[in-house]
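Visitor: build me a model from this:
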Amino acid sequence: MRNPISAAGPAEDRLCNNLLRALRTADYALLAPFLSFKEAGAGERLYAPGDDVDVVYLPCGSALASYVLTNEDGREVEVSLVGREGAIGGVVSFGHLPAYCGMLVKFGGAFLALRTKDLETAKAKSPSLTYLFARYADCLMAQLFQSIACNASHSIEQRSAKWLLAAMDRTGGEVVPMTHEQLAAMLGVGRSYTSRVIHSFKARGLVETRRGSVVVLDQDALHARSCACNDAVRDHFDVVLRGVYPHSE
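Guide: Below you'll find the model as predicted:
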C-alpha cells in the first residue's frame, strides 16, 4: 500500500475514481493526505458482516467490488456493483458502523483507501464534501431499489444482459472478467440457468467466452436483450451526480 498521496498530485491518483474527480479542488485537498493505494485481488473480502467499517474503499480504473448477502442456506447473492463511479463503506454514517453484508472484490485492481474517521474530519470542514457523498449514497440506494424491482420483474436473460452491461460500464471495455458461477451469484440462480443464457447469447453472436471472462461482441444487440434497469440507474446518476457514472468505451 502506498501512503500518503499528495494533495497536489499526481493527477492520475484523483482521476482513477470518478467520485474523487467530481470533488472541488479544495475538497480533494482535504482528503488527499489521508488516501492510500491498496491492491486487491478478485475474491478478496474487504468486509464481512458485522465487521466495523473503519475504511472507505474507492475502486480505481477497472477494479470492481460487490455487496454480498448470505442466505440462510449459506448461498451468497450479490446485490450491487461498485466500480470507479463510487465508494464502498461508510460514506454518510458517523461512529461505529457494523457491516450489514459482505463486500467482495469482483475484479481485482487498485483501490484508494480512506479511514472513515479521516473522511468525517474532512466533511466537518466542508459542507460541499458532505453533500457530494450524501448524493452518492442516494445514487447507491437508487441502484439497490432498482435491483429489487429487477429481480422481481425481469427474466434471467434480461438480468444477465443487464449485469454484463453494468460490468462493461464500470470496467471500460468489452472483456468482462466474469465466470458463469459469478454471474449466477449476481442473479441469485443456479449456474445451469446462466450457462443456458450465455450459450443463447453466443448462438446469436452477442458474446463469446474465454477462460474466466465473457467478451461482448455486439453491445447494441445485448442492450436490446436487457431490461431498462441499468439505464434507469445511469439516468439517476446523471441527474444527481452528472459525469460520475461511467459509460462503456
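
Visitor: quick one: the helices in this structure, in order.
Guide: 11-15, 18-21, 25-31, 116-125, 127-153, 156-171, 180-187, 191-203, 219-225, 229-240 (DSSP state H).

Visitor: okay if I get the ones you listed as JSON lines plus distance to Glu76 and mean pLDDT?
Guide: All C-beta spots, glycine's among them, are computed from the backbone N, C-alpha and C. Putting the helices of the chain into JSON lines (distance: least, CB to CB, whole Å; pLDDT from 0 to 100) gives the following:
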{"stretch": "helix 11-15", "distance to Glu76": "32", "mean pLDDT": "58"}
{"stretch": "helix 18-21", "distance to Glu76": "26", "mean pLDDT": "92"}
{"stretch": "helix 25-31", "distance to Glu76": "32", "mean pLDDT": "94"}
{"stretch": "helix 116-125", "distance to Glu76": "25", "mean pLDDT": "93"}
{"stretch": "helix 127-153", "distance to Glu76": "15", "mean pLDDT": "91"}
{"stretch": "helix 156-171", "distance to Glu76": "15", "mean pLDDT": "90"}
{"stretch": "helix 180-187", "distance to Glu76": "6", "mean pLDDT": "80"}
{"stretch": "helix 191-203", "distance to Glu76": "13", "mean pLDDT": "90"}
{"stretch": "helix 219-225", "distance to Glu76": "25", "mean pLDDT": "95"}
{"stretch": "helix 229-240", "distance to Glu76": "21", "mean pLDDT": "93"}
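
Visitor: figure out which of those is closest to Gly43.
Guide: Evaluated with CB to CB, those place helix 180-187 nearest to Gly43, the distance being 9.7 Å.

Visitor: can I get the CA coordinates of stretch 151-163 in CSV?
Guide: Presented in CSV, the C-alpha positions along stretch 151-163 are these (Å, rounded to 0.1, in the frame of the first residue of the first chain):
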residue,chain,number,x,y,z
ASN,A,151,-35.2,-9.3,-9.6
ALA,A,152,-39.0,-9.3,-9.1
SER,A,153,-39.9,-8.4,-12.7
HIS,A,154,-37.4,-9.5,-15.3
SER,A,155,-36.3,-12.7,-16.8
ILE,A,156,-32.9,-14.3,-16.2
GLU,A,157,-31.9,-13.4,-19.8
GLN,A,158,-32.8,-9.7,-19.3
ARG,A,159,-31.0,-9.6,-15.9
SER,A,160,-27.9,-11.4,-17.3
ALA,A,161,-27.6,-8.8,-20.1
LYS,A,162,-28.1,-6.0,-17.6
TRP,A,163,-25.3,-7.2,-15.4
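
Visitor: got a list of contacts for it?
Guide: Outside stretch 151-163, the residues that touch it by CB atoms under 8 Å, 6 or more residues apart in numbering are 81, 150, 183, 186-189, 193-194, 197-198, 200-201, 222-223, 225-227, 229-230.

Visitor: tell me which residues of that stretch come out buried.
Guide: Within stretch 151-163, the residues scored as buried using 16 or more other CB atoms under 10 Å are His154, Ile156, Glu157, Gln158, Arg159, Ser160, Ala161, Lys162, Trp163.

Visitor: gap between that stretch and the chain center?
Guide: On the basis of CA atoms, centre = their mean, to the nearest Å, stretch 151-163 is displaced by 18 Å from the centre of the chain it belongs to.
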